[in-house]
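>>> fold the stuff below for me.
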Amino acid sequence: MQSAASAATGFLRSLQAAAANPEVATVHLTVTPAVANYILNEHRPALIELERRRAIEIHVDADPLLLSHQSRIEITKVEKGSDEPVQEVAT
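I've put the predicted structure just below:
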């Protein structure tokens with residue numbers, strides 16, 4: 001079984017990759033409770049800085065039904081020339 005710290009590292013990389021897209025407005029990451037707690041307790045300053053730098057919102061939620069290696073990432077983008085958000089879901 002993967003540790004919360006190890007799983008969090010991989011999920012944070014995915015979150016950072018998603019946030020790198022200039023069309024992204026919101027990233028919603030859902031992981032196990034242990035991983036969510038680890039991310040929010042150990043990496044909160046990095047998340048805040050990423051939100052500030054990219055002018056996006058990042059949400060981290062817990063789902064006790066997920067396994068330690070599982071996550072859900074929902075991305076809301078704003079299309080160029082439009083104020084309407086478009087939501088994408090990646091797992």
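>>> show me where the protein has strands.
With strands called from DSSP state E, the chain shows them at 24-31, 57-62, 72-78, 85-90.
>>> mean neighbour count added to those strands, as TSV?
Heads up, the C-betas are built off the backbone N, CA and C, glycines and all. Formatted as TSV, these follow (neighbours: other CB atoms under 10 Å):
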stretch	mean neighbour count
strand 24-31	20
strand 57-62	16
strand 72-78	17
strand 85-90	11
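>>> quick one: the ones you listed as CSV, columns for distance to Leu12 and mean pLDDT too.
Listed next are the strands of the chain as CSV, based on distance: least, CB to CB, whole Å; pLDDT from 0 to 100:
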stretch, distance to Leu12, mean pLDDT
strand 24-31, 9, 95
strand 57-62, 10, 97
strand 72-78, 11, 91
strand 85-90, 15, 55
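>>> quick one, which of the ones you listed is nearest to Asn41?
For those, proximity to Asn41 was assessed by CB to CB; strand 57-62 is nearest, at 10.7 Å.
>>> now the closest one: how far from the chain's centre is it?
Between the centre of strand 57-62 and the centre of its chain there are 6 Å (CA atoms, centre = their mean, to the nearest Å).
>>> next: stretch 66-82.
Worked out by CA atoms, centre = their mean, stretch 66-82 lies 7 Å from the chain centre.
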